[in-house]
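Colleague: got a structure for you, letters missing:
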């Protein structure tokens, strides 16, 4: 079993995953911050992303729904410093990353890594409102999730 205890090890491990595995692990990362999400469509997209196997049309529908919300919520990010609204946006961005269809990715992109980073952005925003939340704790949880997934 591969030990993952830093971001370099996480990225290396994620590079070994195929597209479906990246989607599922990325959705698991997003699931961890689902309580920060305000939109039911995004929550359903997370649930869809966790399913194995997943039909291509189901993935496409969930991607479009989450992406639409991420785009809409992005415009709210700069208006006032509503940190929880920004966290909500990054949850949507995380599941959008996980659900990205093959034709919209390049060989260098990794859905799970992008989802992990978006999740950390959500956590960073939430930290502004809740001092008990920790980005380093989230990173450690992601390492543990990846270890378990690769298990």
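Modeller: Cool, got the structure. Remember, predicted model here, so these are calculated numbers, not experimental data.
Colleague: where exactly do the helices run in this structure?
Modeller: Secondary structure of the chain (DSSP state H): helices at 7-15, 19-32, 40-50, 56-74, 83-99, 111-127, 135-150.
Colleague: against which helices or strands is the longest one packed?
Modeller: The criterion is 3 or more CB pairs under 8 Å, 6 or more residues apart in numbering; DSSP states H and E, and the helices and strands that helix 56-74 contacts are helix 40-50, helix 83-99. (Glycine included, C-beta is placed from N, CA and C.)
Colleague: and the last one, by the same measure?
Modeller: With contacts defined as 3+ CB pairs under 8 Å, 6+ apart, the secondary structure elements packing on helix 135-150 are helix 7-15, helix 19-32, helix 111-127.
Colleague: how many residues are close by the closest residue to residue 74 other than its chain neighbours?
Modeller: Sequence neighbours aside, residue 89 is the residue nearest to residue 74 in space, at 5.8 Å (criterion: CB to CB, 6 or more residues apart in numbering). Neighbourhood size, residue 89 [other CB atoms under 10 Å]: 29.
Colleague: and for residue 25?
Modeller: Neighbours around residue 25, by other CB under 10 Å: 28.
Colleague: and if you look at residue 56?
Modeller: Residues near residue 56, counting by other CB under 10 Å: 10.
Colleague: tell me the pLDDT of it.
Modeller: What the model reports for residue 56 is a pLDDT of 94.
Colleague: show me what contacts it?
Modeller: Residues near residue 56 by CB atoms under 8 Å, 6 or more residues apart in numbering: residue 101.
Colleague: and it, how far from residue 103?
Modeller: Look at residue 56 and residue 103: by CB to CB, to the nearest Å, they are 11 Å apart.
Colleague: still on that earlier bit, can you redo the helices and strands packed on helix 135-150 as a markdown table with mean pLDDT?
Modeller: Converted to a markdown table, the helices and strands packed on helix 135-150 look like this (pLDDT from 0 to 100):
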| stretch | mean pLDDT |
| --- | --- |
| helix 7-15 | 97 |
| helix 19-32 | 98 |
| helix 111-127 | 97 |
